[in-house]
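A.B. asks: my questions are about this predicted structure, shown below with the sequence.
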Amino acid sequence: MISLPLWLAALVAAALIAAAVLLTIWWRQQSYRWPLVLALCLIAAPALSWWSGLAFEVADYRAGCDGLCPGHRGAPFHFFTGQAAGGRFIPVMFALNSLVYLTLLLGWAALLRAIIFSGTGEPRRPAWMQILVLLALVVLPAALVPLYLPPPEARVRGDPLRIAINARREVYMYDQLASLPVLRAGLDDVRPRQDGQPGMRVCLRTYSFFYWPTGFMVLDMAPEGVHSTNGDILPRTASCWE
């Protein structure tokens, strides 16, 4: 999750626009279907940006805050912020987020075309091999993206951070309880345990293939905050604190 001052956001936007224009020129030189490619990317980019606001959420959290830290939604740039991670919509940041996805889509599609097609526009490989290339360059990286890109999460400090780090080390003890494989977990909050026992509860937001948000993992930590005494998987509609 990235938060930028307005002047820096303007510089990033200018760089992204320049990259998107250069990629569009490349497409125009390579294929007469470039308007279709551009149109599809222009439609998909804001759609992916909006989806990121639904999938990547950091709820208002208490850990390491004097009171309540405001949450935010969207990735890589958040465009919802405030109460319940949706109190204020920021159109400028949504546009910047969409530019990121537009540039990525144009570049990824260009890479795919360059590998599959020769300079004459004819496929270099038979159809079955093109499908394998498609899987290797599009489907597989998209499915495994949680393994190499961290999700947005609460930015805690002090003792809650230490407890959260120790909790992450024990995710493997409870991830088999999930209905889908847990490829990544992002910190949601650290609060006192709900059972009245000494110690803290760590809430992690879980993601599966294609960064699909699957729910929450809760770990009740021992008083010293080093190991968990209990853990469970909760659905997306549940709360870690009720």
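C.D. replies: Perfect, thanks for sending it. None of the values given here were measured: they were computed from a predicted structure.
A.B. asks: so what does the helix or strand encompassing residue 53 touch, helix or strand wise?
C.D. replies: Taking DSSP states H and E as the criterion, the element that holds residue 53 is helix 34-55. For helix 34-55, the elements it packs on are helix 6-30, strand 71-73, helix 91-116, judged by 3 or more C-beta pairs under 8 Å, 6 or more residues apart in numbering; DSSP states H and E. Every C-beta, even on glycine, is put in place using the N, C-alpha and C of the backbone.
A.B. asks: 7 Å - rerun?
C.D. replies: helix 6-30, helix 91-116 (3 or more C-beta pairs under 7 Å, 6 or more residues apart in numbering; DSSP states H and E).
A.B. asks: residues of that helix that come out buried?
C.D. replies: Neighbour counts over helix 34-55 (16 or more other C-beta atoms under 10 Å) mark 37-38, 41, 45-46, 48-50, 52-53, 55 as buried.
A.B. asks: among those residues, which one lies nearest to residue 117?
C.D. replies: Taking C-beta to C-beta as the measure, residue 117 sits nearest to residue 37 out of the buried residues of helix 34-55, at 13.0 Å.
A.B. asks: can you tell me the closest non-neighbouring residue to the closest one?
C.D. replies: Nearest residue to residue 37 in three dimensions, chain neighbours excluded: residue 27, at 5.4 Å (C-beta to C-beta, 6 or more residues apart in numbering).
A.B. asks: show me what contacts the one you found?
C.D. replies: 34, 37-38, 110 (C-beta atoms under 7 Å, 6 or more residues apart in numbering).
A.B. asks: let's see 10 Å
C.D. replies: Listed by C-beta atoms under 10 Å, 6 or more residues apart in numbering, the contact partners of residue 27 are 33-38, 41, 106, 109-110, 113.
A.B. asks: over to residue 226?
C.D. replies: Contacts of residue 226 were listed using C-beta under 10 Å, 6+ apart, and they are 162-163, 166-167, 169-170.
A.B. asks: narrow the residues you listed to those that are buried.
C.D. replies: With burial judged by 16+ other C-beta under 10 Å, the buried subset of these is 163, 166-167, 170.
A.B. asks: for those residues, give me a markdown table that also has secondary structure, pLDDT and distance to residue 76.
C.D. replies: Listed next are the buried ones among the contacts of residue 226 as a markdown table, based on DSSP: H, G, I helix; E, B strand; the rest coil; pLDDT from 0 to 100; distance: C-beta to C-beta, whole Å:
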| residue | secondary structure | pLDDT | distance to residue 76 |
| --- | --- | --- | --- |
| 163 | helix | 97 | 27 |
| 166 | helix | 97 | 28 |
| 167 | helix | 97 | 25 |
| 170 | coil | 96 | 28 |
